[in-house]
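1. Okay, here's the prediction I keep looking at, along with the sequence it came from:
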Amino acid sequence: MPQVKKILVACGTAIATSTVVARAIEEALEARGIQIITRQCKATEVESLVQGMDLVVTTTPVPSNLGVPVIQTLAFLTGIGKEAVIEQIITTLGV
Amino acid sequence: MISKLEEYIVPEAISLGLDAASAEEVIRNLGGKLMNAGFVRESFIEAVLAREMKMPTGLPLNGYYNAAIPHTDIEHVIKSGIGIATLVKPVVFQNIISPDEKVDVRLVFILAIEQPKSLIEMLQEFAGLLQNPQLVADLMHAQHLDQVHETLKKAPSITAKV
């Protein structure tokens, strides 16, 4: 049984956009029969929490060279390019 | 039935057809109204301005108008509420995801959020509003509070779609 993929969802935090984004990602993938685990954090915490994660999805800039793929996108807030980003997430996770 | 989004709009902090020359002016306008209405502390405006410099909130949308969502940390908020400004001409906010890029904004939502985790439903409706160019346009054309409410009522929660 393959290990469930983990996505770290980051935002600037004061208004919990990462929660909205995390839920949107979970629902979108679930609708495609894919289970994932999400964890939320502030953009400033990404570096310290990225160990063991398979992907970072963020609405604000984060450091590069994290050793984990990073997708920077507003698609789950604005809807622009959402389908393409979902495909990108699926491809990046290899699920 | 009142939606979550409608519940949090502060009627005293709505500036329709505002003629502002800068993002700062809009933030001072809406922040001042939220303060007078008892939603935020005196420190709120400067905190929002400072945060906007470091972590801008310009949001390019799918349609004719772009938005911005200036806000700050919970310590400057007394109770949660949202102020809205529709602008007669665009002001520049930097892009939330590419801070070097400018976004011409005519729709500003100032967010005073005291307990972010308890407002997820409201935020999902808010995202639903932002994702609908027709609703955004309706909001831009509103001339009275009633029309603002009518538009907000229709904002779908993004969890409704999969």
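-> Received the coordinates, thanks.
2. Leaving out the residues flanking it, which one is nearest to residue A:62?
-> residue A:46 (4.7 Å; Cβ to Cβ, 6 or more residues apart in numbering or on different chains). C-beta: built from backbone N, CA, C; applies to glycine.
3. Repeat that for residue B:38.
-> Per Cβ to Cβ, 6+ apart, closest to residue B:38 is residue B:78, 6.4 Å.
4. since we're on the one you found, how many residues are nearby?
-> Residues near residue B:78, counting by other Cβ atoms under 10 Å in any protein chain shown, number 15.
5. hang on, it packs against residue B:37?
-> No. Between residue B:78 and residue B:37 there is no contact, the gap being 9.8 Å when judged by Cβ atoms under 8 Å.
6. And stretch B:6-18, how far out from the chain middle?
-> When distances are taken as Cα atoms, centre = their mean, to the nearest Å, stretch B:6-18 is centred 9 Å away from the chain's centroid.
7. residues making contact with that stretch?
-> For stretch B:6-18, contacts defined as Cβ atoms under 8 Å, 6 or more residues apart in numbering or on different chains pick out B:26, B:29-30, B:33-34, B:36-37, B:39, B:80-88, B:110, B:119, B:122, B:142-145, B:148-149, B:152-153.
8. rerun at 6 Å
-> Contact with stretch B:6-18 is made by B:29-30, B:33-34, B:37, B:80-88, B:122, B:142, B:145, B:149, B:152, as judged by Cβ atoms under 6 Å, 6 or more residues apart in numbering or on different chains.
9. Buried residues, it. List them.
-> Counting neighbours by 16 or more other Cβ atoms under 10 Å in any protein chain shown, one finds that the buried residues in stretch B:6-18 are B:6, B:8, B:9, B:10, B:13, B:14, B:15, B:16, B:18.
10. Out of these, which comes closest to chain A?
-> Distance to chain A, by Cβ to the nearest Cβ, is smallest for residue B:8 among these, at 11.6 Å.
11. Find the nearest non-adjacent residue to that closest one, please.
-> residue B:82 (5.0 Å).
12. Count the residues that sit near that neighbour.
-> Neighbours around residue B:82, by other Cβ under 10 Å: 26.
13. quick check, it in a strand?
-> Yes. Under DSSP: H, G, I helix; E, B strand; the rest coil, residue B:82 sits within a strand.
14. Which residues are in contact with it?
-> Here residue B:82 is in contact with B:8, B:9, B:109, B:111 (criterion: Cβ under 6 Å, 6+ apart).
15. how does it look with 8 Å?
-> Neighbours of residue B:82 in contact, by Cβ under 8 Å, 6+ apart: B:5, B:8, B:9, B:10, B:13, B:109, B:110, B:111, B:112.
16. Just read off the phi/psi values of the most centrally placed residue in chain B.
-> With distances taken as Cα atoms, centre = their mean, the residue of chain B nearest its centroid is residue B:109 (0.9 Å). The phi/psi pair for residue B:109 (degrees, to the nearest 10) reads phi -110, psi 120.
17. Could you check how far it is from chain A?
-> For residue B:109, the distance to chain A equals 10 Å [Cβ to the nearest Cβ, to the nearest Å].
18. Pretty sure that residue sits against residue B:126.
-> Yes. Residue B:109 lies in contact with residue B:126 (Cβ under 8 Å); the separation is 7.5 Å.
19. Which stretches in chain A count as helices?
-> Along chain A, the segments classed as helices by DSSP state H run A:17-30, A:46-49, A:75-78, A:82-93.
20. Tell me which residues are up against the longest one.
-> What that stands for is helix A:17-30. A:7, A:9-11, A:35-36, A:38-41, A:57, A:59, A:76-77, A:82, A:86, A:89-90, A:95, B:116-117, B:120, B:123-124, B:127, B:158-159, B:162.
21. Let's see the pLDDT reported for the most centrally placed residue in chain A.
-> The residue lying closest to the centre of chain A (Cα atoms, centre = their mean) is residue A:57, at 3.0 Å. Per-residue pLDDT puts residue A:57 at 96.
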